[in-house]
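**Q** Mind looking at a prediction? Sequence and model below.
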Amino acid sequence: GENVEQHPSTLSVQEGDSAVIKCTYSDSASNYFPWYKQELGKRPQLIIDIRSNVGEKKDQRIAVTLNKTAKHFSLHITETQPEDSAVYFCAASTGGNKLVFGAGTILRVKS
Amino acid sequence: DSGVTQTPKHLITATGQRVTLRCSPRSGDLSVYWYQQSLDQGLQFLIQYYNGEERAKGNILERFSAQQFPDLHSELNLSSLELGDSALYFCASSGRTSRTRNEQFFGPGTRLTVL
């Protein structure tokens, strides 16, 4: 079955710097890759996603890139702010099906 | 607010007991997914229902069962509870079109504590 690895497990950045979180997946049939942000005790919130027919997608300060050949995708957050501090999860799916999540990255933005 | 509702928010019970968690999907969504989140296992898929039918099963224990009713709400039943079942249980739903069926929106979760 699908396996998703996520790195790093913890990331500390200064306010205003960029943050990059990387994930790799194992199942070449996966074609949908969302990213979720989860604050302590709250629900995971979908922040951006990418489909396998697209290499990059941007939404304001957030971007996601996908390399299908290498089976990895990354989340890029620019101009980080304290409110970006949370746990970020990547996931992979074959579309309309279960999400297989990475282990999560704790992002701390220091002001 | 995702539009997905879950009740109760918190549940405290004893080992050996049985509980029922309830989920109402976003209006119009046909798919419901259940996930378990624990500190050591992360977010794990349990089971998926689509329009009342079981669609996929993940790491769901035999002591756990679920169903989706004609009004599309879903219930997750956990029986013979063990300490290790303590976790956050999330429900998510996704849309019915080819574009929206991928996007899963999560409810606020039910925090289960087994003492």
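**A** That came through fine. It should be emphasised that the depicted structure is a prediction, and the values quoted were computed from it without experimental measurement. Numbers count the residues shown, from 1 in each chain, chains lettered A, B, ... in the order given.
**Q** Chain A contacts on chain B?
**A** Chain B comes close to chain A at residues B:2, B:31, B:33, B:35, B:42-45, B:48, B:55-56, B:58, B:90, B:94, B:101-109, B:111, as judged by C-beta under 8 Å from any C-beta of the partner chain. Every residue, glycine included, has its C-beta placed from N, CA and C.
**Q** so what pLDDT did residue 38 get?
**A** Using chain A. Here the pLDDT value assigned to A:Q38 is 97.
**Q** try again with chain B
**A** Looking at B:S38, its pLDDT reads 92.
**Q** ok, of the residues of chain B next to chain A, which come out buried?
**A** Neighbour counting with 16 or more other C-beta atoms under 10 Å in any protein chain shown marks B:2, B:31, B:33, B:35, B:42-45, B:48, B:55, B:58, B:90, B:94, B:101-109, B:111 as buried within the residues of chain B next to chain A.
**Q** Among the residues of chain B next to chain A, which lie within strands?
**A** Members of the residues of chain B next to chain A lying in strands (criterion: DSSP state E): B:31, B:33, B:35, B:42-45, B:48, B:55-56, B:90, B:94, B:105-106, B:111.
**Q** what's the lowest-pLDDT member of those residues?
**A** Lowest pLDDT among these: B:G42, with 87.
**Q** quick one: the strands in chain A?
**A** Using DSSP E, strands in chain A cover A:4-7, A:10-14, A:19-25, A:32-38, A:45-51, A:56-59, A:62-67, A:72-77, A:86-92, A:100-101, A:105-110.
**Q** and these as CSV, adding mean neighbour count and distance to B:P70?
**A** Listed next are the strands of chain A as CSV, based on neighbours: other C-beta atoms under 10 Å in any protein chain shown; distance: least, C-beta to C-beta, whole Å:
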stretch, mean neighbour count, distance to B:P70
strand A:4-7, 18, 34
strand A:10-14, 13, 45
strand A:19-25, 20, 36
strand A:32-38, 23, 28
strand A:45-51, 17, 28
strand A:56-59, 12, 37
strand A:62-67, 18, 38
strand A:72-77, 21, 38
strand A:86-92, 24, 30
strand A:100-101, 22, 30
strand A:105-110, 17, 40
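**Q** can you put those in CSV and add distance to B:S65?
**A** Formatted as CSV, those follow (distance: least, C-beta to C-beta, whole Å):
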stretch, distance to B:S65
strand A:4-7, 27
strand A:10-14, 37
strand A:19-25, 30
strand A:32-38, 26
strand A:45-51, 28
strand A:56-59, 38
strand A:62-67, 36
strand A:72-77, 34
strand A:86-92, 25
strand A:100-101, 22
strand A:105-110, 33
